[in-house]
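A.B. asks: Give me coordinates for this.
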Amino acid sequence: MAKQAKSRESNTLKATEEDTEFALHSLQEAHEKNKRYDASEDEMLHFYEQMLLIRRFEEKAGQLYGLGLIGGFCHLYIGQEAVAIGLQSALDNDRDSVITGYRDHGHMLAYGIDPNVIMAELTGRQAGISKGKGGSMHMFSTEHKFYGGHGIVGAQVALGGGLALAHKYNEDGGLCLAYFGDGAANQGQVYETFNMAALWNLPIVFVVENNQYAMGTAVSRSSAETEFYRRGTAFRIPGMDVNGMDVLEVRGAAEIAFEHVRAGRGPVLMECNTYRYRGHSMSDPAKYRSRDEVQGMRDTRDPIEGLKKILLEKGKTEDDLKAIDKAIRATVAEAADFAETSPEPKPSELYTDVLVEKY
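C.D. replies: Now for the predicted structure:
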């Protein structure tokens, strides 16, 4: 009995020491000390251009959907641009991997993938990045280490755990950036992956893009714990609460999280609080919120307008920024023309890429 008591006492002391150690690994404290990335003027201009490209591309995609040139589901990223640009601008494109859900156009553009092949994919053309077979929800590029584009809610998180395991197994120094939404945050496979990632010390950053409404239900009505960054605590995964409408804050958080993971300290859970201006998909009338609410977000927290204000304060002129917008609109118009004039896949394509042909 004395031996068992001593063993229990030893385990208690060990647990207390681990708790203290875990508390010292708080990334929120580091984030609070230095919230915004100290970007150069050139970097800020690049972020502005990239966010504007996503915005104009998605607006054009919405138009093409309305014209019947894009079929199936189409989920636009308008309003959330700062998340993808802030995070992916900090990645090492030669080593790191990205995986996301079905609101994926913005993530591909943030990775520098050609707008022509993305728009061609949306319209189901042979020239599309998935040969026209994936459409809006299932884009993929092994060349860019972008692994989808997944329609099963939350399933990409478990696959992201697998990508992180591959990085560790191959000792390639890479990490996986795994995005999911506030709706997917209540899926069981998310927490199974948290547990395994923590146990195996995997190089992965889990990112909750909390756009407040999932498919159409407010976070406060669907989640008992609405502070999603806290949800990794049970698995000893440090969390970060980030303003996803500020690209410089997102990039600052990325610097802290990626450094933590690359140092071999295990996974991080980051919540980026953001907002989608459009419905869940193009078929969603979004009657669960008021127009005034959406307009209020556009007027006071828009990520592009926020960065534009900083650029103007640093000496850029309205004409400078209008010229950028004009050039981006031309790029997007070219992508739409390319997509509309590209041929559809041949019927024989139905039988390719169905099974793995080499083992």
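A.B. asks: Could you identify the longest helix within the chain?
C.D. replies: Longest helix in the chain by number of residues (criterion: DSSP state H): helix 41-66.
A.B. asks: Quick check: which helices or strands does it pack against?
C.D. replies: The helices and strands touching helix 41-66, judged by 3 or more C-beta pairs under 8 Å, 6 or more residues apart in numbering; DSSP states H and E, are helix 81-88, helix 105-110, helix 115-122, helix 247-262, helix 303-313, helix 318-341. In this view, the C-beta of every residue, glycine as well, is placed from N, C-alpha and C.
A.B. asks: Now the first one: average pLDDT?
C.D. replies: The predicted model gives helix 81-88 an average pLDDT of 98.
A.B. asks: Please save the CA atoms from it in CSV.
C.D. replies: Extracted as CSV, the C-alpha positions of helix 81-88 are listed here (Å, rounded to 0.1, in the frame of the first residue of the first chain):
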residue,chain,number,x,y,z
GLU,A,81,-8.6,37.3,-47.6
ALA,A,82,-6.3,38.3,-44.7
VAL,A,83,-6.2,34.8,-43.3
ALA,A,84,-4.8,33.0,-46.3
ILE,A,85,-2.4,35.8,-47.3
GLY,A,86,-1.2,36.4,-43.7
LEU,A,87,-0.5,32.8,-43.1
GLN,A,88,0.7,31.5,-46.4
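A.B. asks: contacting residues around the following helix or strand past that helix?
C.D. replies: Past helix 81-88, further along toward the C-terminus, the next helix or strand under DSSP states H and E is strand 97-99. Contacts to strand 97-99, defined as C-beta atoms under 8 Å, 6 or more residues apart in numbering, come from residues 88, 91, 107, 111, 145-148, 150, 156, 159-160, 163, 167, 174-179.
A.B. asks: Ser65: what's it in contact with?
C.D. replies: Just to correct that, residue 65 is Tyr rather than Ser. With contact set as C-beta under 8 Å, 6+ apart, Tyr65 has these partners: Cys74, Met282.
A.B. asks: end-to-end on stretch 280-291?
C.D. replies: This stretch, stretch 280-291, spans 15 Å end to end (C-alpha to C-alpha, to the nearest Å).
A.B. asks: How far does that stretch sit from its chain's centre?
C.D. replies: Distance of stretch 280-291 from the chain centroid (C-alpha atoms, centre = their mean, to the nearest Å) equals 21 Å.
A.B. asks: Can you give me the buried ones in it?
C.D. replies: Across stretch 280-291, burial judged by 16 or more other C-beta atoms under 10 Å covers His280, Ser281, Met282, Asp284, Ala286.
A.B. asks: between those residues, which is closest to Met196?
C.D. replies: Distance to Met196 across the buried residues of stretch 280-291 (C-beta to C-beta) is lowest for His280, with 29.4 Å.
A.B. asks: In contact with the closest one, which residues are there?
C.D. replies: Contacts of His280 (C-beta under 8 Å, 6+ apart): His75, Tyr213, Ala214, Met215, Gly216, Ala286.
A.B. asks: Tell me if it really is in a helix.
C.D. replies: No: counting by DSSP: H, G, I helix; E, B strand; the rest coil, His280 falls outside a helix, being coil.
A.B. asks: Just to check, Asp172 is in contact with Asp94?
C.D. replies: No: judged on C-beta atoms under 8 Å, Asp172 makes no contact with Asp94 at a distance of 9.2 Å.
A.B. asks: Those two: who's more crowded?
C.D. replies: Neighbour count, other C-beta atoms under 10 Å: between Asp172 and Asp94, Asp172 has more, with 14 against 9.
A.B. asks: Tell me, how many residues neighbour the residue nearest to Gln28 when sequence neighbours are not counted?
C.D. replies: Nearest non-adjacent residue to Gln28, counting by C-beta to C-beta, 6 or more residues apart in numbering: Met240, 5.7 Å away. Neighbourhood size, Met240 [other C-beta under 10 Å]: 25.
A.B. asks: I'd assumed Met240 was in a strand, is it?
C.D. replies: Yes: counting by three-state DSSP, Met240 is found in a strand.
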